[in-house]
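*Asks:* Predicted model and sequence follow; I will ask about them next.
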Amino acid sequence: MAHSQGDEIPPDFETRHHYYKEKIEITKLQFMRDLVSGCKLAFDRNRLECDLYALWDSVLHGFTCRTQDPSSEISVKPHSQFRAEFQHPNGHRTYKVPDNVVLEHNDTNKRILLFWVEVKALEGESLWFTDDAKTQAEMIVFNTIAQINAQAQYLREELKIKQLPHAVLSNFKMYGIAAAGPYFNLLEYTNAIMSPNYFSSEHARRNARVTRAWSRQQAANNIEEDEDEEEDDREDPHTQPRFPLGSGVKCLFTNVPVQEHKLNLPINEIRLSPDLLDAFRLILEQREEVRAVMQNITWFDCNVGPLPLIGDNNDSDDE
């Protein structure tokens, strides 16, 4: 039986349930075990993009669960399959759906973007932790950039980023992560580099034609007019994002020898890549109010700078 906060705890509760705490905790060993098992499962069916979501969800939840200041009004949450919408002048609504968007929530109930992630399958016979797989991931990430550019256009509209004060907007940066299997890269967007013609009059005219055809179909099928919307499958090849970590893909893990194709190393020898922590560090530089309430975890520290690996060779289940 579940107990609410005001319920009296039975005298034998600790005996029956080992111990009682008021918060959920996760150790380094538990986190890495979850990450490695997710990676192995995704590799076993590497033709499926959906099997990668568990791997990257573990990474995102590891990042967000560090905001545990009970006095803070700020929380950070990943939103799977977040829908970003744009309403055209003709009334037609189109949208994009990134795989995962990480948002800040505060006491104003405004959604504030931290970053988003687009995940792609890394399929084929090649084992993941090899030079061939990394080269393949490079191509997949390169071919995904135009799609992420378009997502940036929609997120900028959905979250009303263009309406920020000019002094804020001139220094504003958006970050997207392109992932292929366990590899990734960080894309940086500013308002100045975004292609201004994505939501153009030409696109509006195209949507007007779609709207008229859609309306005829609605009338024939007795469909309500408010269903006049569609997913925009166009890309944005014109925006040129920056790559603050360099143009090459990075791996989620470090210290993985090539012969350990499926992370068969002992769990306590596998570590998060410094590149991943650097990516989160750059993102948090834009959100000081979030960084201020995030815990400093020695093995997942991305608040300010890398910490010395004190006692890292003696990892235990209690870290």
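*Replies:* Done, it's in.
*Asks:* Rank the helices and strands of this structure by mean pLDDT and give me the bottom one.
*Replies:* The weakest-scoring helix or strand in the chain, judged by mean pLDDT, DSSP states H and E, is helix 201-221 (a mean of 48).
*Asks:* Quick one: low-confidence residue ranges for this protein.
*Replies:* Applying pLDDT under 70 to the chain flags the ranges 1-24, 68-71, 166-168, 201-227, 255-265, 305-319.
*Asks:* looking at the sheet around the most centrally placed residue in it, what are its partners?
*Replies:* Most central in the chain under CA atoms, centre = their mean is residue 117, positioned 3.7 Å from the mean C-alpha point. Beta-bridge pairing for residue 117 (DSSP bridges): residue 100, residue 177.
*Asks:* my read is residue 155 is in a helix, agree?
*Replies:* Yes: counting by DSSP: H, G, I helix; E, B strand; the rest coil, residue 155 is located in a helix.
*Asks:* Not counting its neighbours along the chain, what's nearest it?
*Replies:* Closest residue to residue 155 apart from its sequence neighbours, by CB to CB, 6 or more residues apart in numbering: residue 84 at 5.0 Å. For glycine as for every other residue, the C-beta is placed from the backbone atoms N, C-alpha and C.
*Asks:* and the one you found, how many residues sit next to it?
*Replies:* 23 (other CB atoms under 10 Å).
*Asks:* pretty sure it contacts residue 96?
*Replies:* Yes: under the criterion of CB atoms under 8 Å, residue 84 makes contact with residue 96 at 5.2 Å.
*Asks:* which residues do those two both contact?
*Replies:* 151, 154-155 (CB atoms under 8 Å, 6 or more residues apart in numbering).
*Asks:* With distance to residue 72 as extra columns, can I get those residues in JSON lines?
*Replies:* As requested, the shared contacts of residue 84 and residue 96 are exported to JSON lines (distance: CB to CB, whole Å):
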{"residue": "151", "distance to residue 72": "29"}
{"residue": "154", "distance to residue 72": "29"}
{"residue": "155", "distance to residue 72": "24"}
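*Asks:* mind listing the helices for the stretch 1-150 of the chain?
*Replies:* Using DSSP state H, counting those that start in this stretch, the helices of the stretch 1-150 of the chain run over 13-17, 28-44, 53-64, 131-158.
*Asks:* now swap in the stretch 201-319 of the chain and tell me
*Replies:* 201-221, 274-285, 288-291.
*Asks:* Other residues contacting the shortest one?
*Replies:* Where contact means CB under 8 Å, 6+ apart, the residues beyond helix 288-291 that reach it are 67, 74, 76, 104, 106, 114, 284-285, 303-304.
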